[in-house]
Structures are given as structure tokens and as C-alpha cells.
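**Student:** Sharing a sequence plus its predicted fold:
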Amino acid sequence: MMMNTMERTDRIRNNPVFKEEMDRICRMERERRYCGHGFGHLMDVARVGWILNLENNYGLEKDIVYAAALLHDIGKGRQYEFGTPHHLAGVEIAGPILKDSGFTENETEQILNAIRSHRKPTDSDDPLVTILYLADKKTRLCFACDAEKDCNWSSEKKNMKLIY
């Protein structure tokens, strides 16, 4: 049976493990003053990532971009609770979710590579890595954040521009 490609991203959103991990992140960030990692951030990254894909003619499928965005911070709860870097915990959590959502082995590996690499700029030839890194940073509105002065991000990492 052929499925609408965006149906797979809905399967991610409805996956019980995804929901459990998102609930954990939201509980742990309830009093957080700095950038959050809730569903709003994930959707911002997905939308900006899709725009970057179109503007740069990368030719990636929409559900691949959205899946990477939805899952890129899924390890944050484990980082808060156990100290595991979230990009590494995220790969561990995301693999089974992607498989359960109908992504192929090659698609899964591409998405997991982007999750694994999303925290550092890279010279990767994989456009998904580039898209996820840039979209994650461009969606942070440091220039309008009340906590910007107290944030421990370096000035190079902060997004202080409305338009790139």
C-alpha cells in the first residue's frame, strides 16, 4: 500500500516513545528561562529546513526534512536526566521510531546522521546535515530573548539577526 509521504511524519508524532520523550522534555523544561525544545521549536526547524531545501535546490523529500527536525532534540530529556549528550541519545531513541514510522534503512541512516551531526557545523556533503544545523540555529530568536544576556551560548552561536 502506497502511503502519503507526510503520513510517516504523523506516525512519528503519534509514536508512544516520541510522545513519552516529548512529555519528559516539557516537564524538565517547565521552569526553563532559555530556549526550549518543545513542539514549537521542532516545527520551526522543520519549516525553516524545508525552506532551505527549496532555496538551495537540494531535492530532499519533505518528510525526510520534517522527520529529522521532529527528532533532532528527542534526546534532551536523557541529557537533562542522565547527562548523555542529546544528539547521541537522540540517535538511540530515533532509530526505532523511524523504523516504526515506515522509513527505509537508507532514509533512517540519513536522518540519524543529521541528528548525530546537528550540533556542530560540518563540511558534510549531506544536505540534510547542513539543513538541520542551519535551521536549528536560525530558528533561535536570541536577538529578541529576555534571557539573552544570561545565556551561556557564545556570541558566535547566538542568532542576533532577523534575516540571514
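**Tutor:** That came in fine, so what should we check first?

**Student:** Not counting stretch 42-55 itself, show me its contacts.
**Tutor:** Residues from elsewhere that reach stretch 42-55 (C-beta atoms under 8 Å, 6 or more residues apart in numbering): 58-60, 62, 65-66, 68-70, 72-73, 127, 130-132, 134-136, 138-139. Backbone N, C-alpha and C define where each C-beta goes, glycine included.

**Student:** Apply 6 Å and report the result again.
**Tutor:** Around stretch 42-55, the neighbours that count as contacts under C-beta atoms under 6 Å, 6 or more residues apart in numbering are Leu60, Val65, Tyr66, Ala69, Leu70, Ile131, Leu134, Ala135, Asp136, Lys138, Thr139.

**Student:** In helices, which of those fall?
**Tutor:** Among those, the ones falling in helices (DSSP state H) are Val65, Tyr66, Ala69, Leu70, Ile131, Leu134, Ala135, Asp136, Lys138.

**Student:** The third one: how many residues sit nearby?
**Tutor:** Meaning Ala69. The local packing of Ala69 (other C-beta atoms under 10 Å) involves 29 other residues.

**Student:** any idea how far it lies from Arg27?
**Tutor:** Look at Ala69 and Arg27: by C-beta to C-beta, to the nearest Å, they are 22 Å apart.

**Student:** Could you list the low-pLDDT ranges of the chain?
**Tutor:** Scanning the chain for pLDDT under 70 picks out 1-4, 32-38, 121-123, 141-155, 157-160, 162-164.

**Student:** what's the burial count for Lys62?
**Tutor:** Other residues lying near Lys62 total 15 when counted by other C-beta under 10 Å.

**Student:** do the same with Glu105
**Tutor:** 9.

**Student:** OK, contacts around it?
**Tutor:** No contacts exist for Glu105 under C-beta under 6 Å, 6+ apart.

**Student:** Swap in 10 Å and give it another go.
**Tutor:** With contacts defined as C-beta atoms under 10 Å, 6 or more residues apart in numbering, Glu105 is in contact with Leu98, Lys99.

**Student:** Done for today, thanks.
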